[in-house]
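task: produce atomic coordinates for the following.
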Amino acid sequence: MRRRPDEETLQSLVEMAVAVRKRAHAPYSNYLVGAALLTTKGSVHVGCNVENASYGATICAERAAVTAMVASGERHPIVCALVTGGAEPVAPCGICRQVLVEFAPDLLLVLVAVRGKQRVRRETTLGALLPEAFRLL
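Have a look, this model is predicted:
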């Protein structure tokens, strides 16, 4: 993995994920999620979950951020801040883990749970969550 970003950068990513989380479309679960991806070029790409009555059409915040990153022409994320509600931080779902591993097998994950004014944060890596990822190449 590349050099770890400084704490100010990580906190800025968390704040961007907090902000985009407020824009999530979650009328069925009311579970709002925001993600912010930092790339090797220093760009940040955000995404929020967008639910659909046909649940298979729902997109997670992490995949929305990856889509924005790819659409901008980038392919190399180094950190993903993921913000959810609740008492404890939540890791990406299985589909999001697989999508993220396509771009950064050892991606740093900054997971934050927001409950009112309280925040709980923990860090892990994608490699720790998906140690034997499926790969075609």
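
helices of the chain, start to end?
If you assign secondary structure with DSSP state H, the helices in the chain sit at 7-21, 61-71, 94-101, 126-129.

state the mean pLDDT of the longest one.
The predicted model assigns helix 7-21 a mean pLDDT of 98.

okay, now the unreliable bits of this protein?
Low-confidence segments of the chain, defined by pLDDT under 70: 1-2.

please enumerate the strands of it.
34-39, 44-48, 77-85, 108-115, 118-125 (DSSP state E).

want to try CSV for those strands, with mean neighbour count and distance to Lys22 as columns?
Placement of C-beta: from N, CA and C, glycine included. Output for these, formatted as CSV (neighbours: other C-beta atoms under 10 Å; distance: least, C-beta to C-beta, whole Å):
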stretch, mean neighbour count, distance to Lys22
strand 34-39, 27, 7
strand 44-48, 22, 8
strand 77-85, 24, 10
strand 108-115, 20, 10
strand 118-125, 13, 15
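
could I get those as CSV with distance to Glu8?
Listed next are the strands of the chain as CSV, based on distance: least, C-beta to C-beta, whole Å:
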stretch, distance to Glu8
strand 34-39, 12
strand 44-48, 13
strand 77-85, 13
strand 108-115, 13
strand 118-125, 14
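
out of the helices of the chain, deepest packed?
Per-stretch averages of neighbours, counted by mean count of other C-beta atoms under 10 Å, single out helix 61-71 among the helices of the chain, with a mean of 21.

what angle sits between that helix and helix 94-101?
Interaxial angle of helix 61-71 relative to helix 94-101 (axes from the mean of the first three to the mean of the last three C-alpha atoms, to 10 degrees): 30 degrees.

helix 61-71 - contacts with which helices or strands?
When contacts are defined as 3 or more C-beta pairs under 8 Å, 6 or more residues apart in numbering; DSSP states H and E, helix 61-71 packs onto helix 7-21, strand 34-39, strand 44-48, strand 77-85, helix 94-101.

not counting its own residues, what contacts the shortest one?
Where contact means C-beta atoms under 8 Å, 6 or more residues apart in numbering, the residues beyond strand 44-48 that reach it are 13, 16-17, 19-21, 23-25, 32-39, 59, 61-69, 72, 74, 77.
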